[in-house]
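# structure here, sequence nowhere to be found:
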């Protein structure tokens, strides 16, 4: 009797995310691709923990960059002809240099070498996620730093071959577990510092 019964179709929730293809690299000897893949997946794991990227930093950099470009364009196509308008051109060149300098200093102060900066979360000040990988090395270091207090920092150095299969696929579950372990250590250290202040 049970064999003749038609199976019911599986209902997929409306808000379910589509499954993505596994991450695969075609060249396991390309250090930049290896580091970029681990960085991008680590970023995704941190955002999955509830953190939100601070997009204000990118917006400020874009605004400063557009202002600098606007100065450059105005100096080239503004009213008057050179050398009669040399003061205008001079002012635009100085403005371009100053705006570019301000943008670089702002980026250095807010981001440093981080590829992800988050908004404050759960009473914390947010975090910075960065990584290090020396040339010709198979070791990769992932670093989580408190956004306001650089003394609150945790890092973990791993061997890259432990997270890639011979056919180029990323061992996603193993790398996710490693990043989550580092994130829990960071949360614990952040909580310990907060208790000491109280």
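Yes, it's here. All values reported here derive from a predicted model rather than from experimental measurement.

# how about the residue nearest to residue 116 when sequence neighbours are not counted, secondary structure?
Leaving aside its chain neighbours, residue 116 sits nearest to residue 129 (4.1 Å; criterion: CB to CB, 6 or more residues apart in numbering). C-betas here are computed from N, CA, C, even on glycine. On the three-state scheme (DSSP: H, G, I helix; E, B strand; the rest coil), residue 129 is labelled strand.

# tell me who's in contact with residue 129.
42, 43, 46, 114, 115, 116, 117, 118, 142, 143, 144 (CB atoms under 8 Å, 6 or more residues apart in numbering).

# with residue 74 instead?
88, 92.

# repeat for residue 167
residue 24.

# SS state for it?
Residue 167 - assigned by three-state DSSP - is coil.

# what separation do you get for it and residue 22?
Shown here: residue 167 relative to residue 22, a distance of 10 Å by CB to CB, to the nearest Å.

# filter the contacts of residue 129 down to the buried ones, PyMOL style.
To isolate the buried ones among the contacts of residue 129 in PyMOL, judged by 16 or more other CB atoms under 10 Å, type:
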select buried, resi 42+43+46+114+116+117+118+142+143+144
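
# which of the contacts of residue 129 fall in strands?
116, 117, 142, 143, 144 (DSSP state E).

# any idea what the second one is bridged to?
Applying DSSP bridges to residue 117 gives these bridge partners: residue 128.

# low-confidence ranges, the chain, go.
Applying pLDDT under 70 to the chain flags the ranges 1-19, 192-198.

# hey, where'd the strands end up in it?
116-117, 127-132, 139-146, 153-159.

# wait, which of those is closest to residue 89?
Among these, strand 116-117 comes nearest to residue 89, with 36.6 Å by CB to CB.

# so which bits of stretch 45-52 are buried?
Under 16+ other CB under 10 Å, the buried positions of stretch 45-52 are 45, 46, 51.

# format those residues as JSON lines; extra columns: distance to residue 186.
Output for the buried residues of stretch 45-52, formatted as JSON lines (distance: CB to CB, whole Å):
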{"residue": "45", "distance to residue 186": "12"}
{"residue": "46", "distance to residue 186": "10"}
{"residue": "51", "distance to residue 186": "11"}
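
# among those residues, which are in helices?
Among the buried residues of stretch 45-52, the members found in helices (DSSP state H) are 45, 46.

# returning to what we had before: a markdown table for the strands of the chain, including distance to residue 58?
Output for those, formatted as a markdown table (distance: least, CB to CB, whole Å):
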| stretch | distance to residue 58 |
| --- | --- |
| strand 116-117 | 9 |
| strand 127-132 | 14 |
| strand 139-146 | 19 |
| strand 153-159 | 23 |
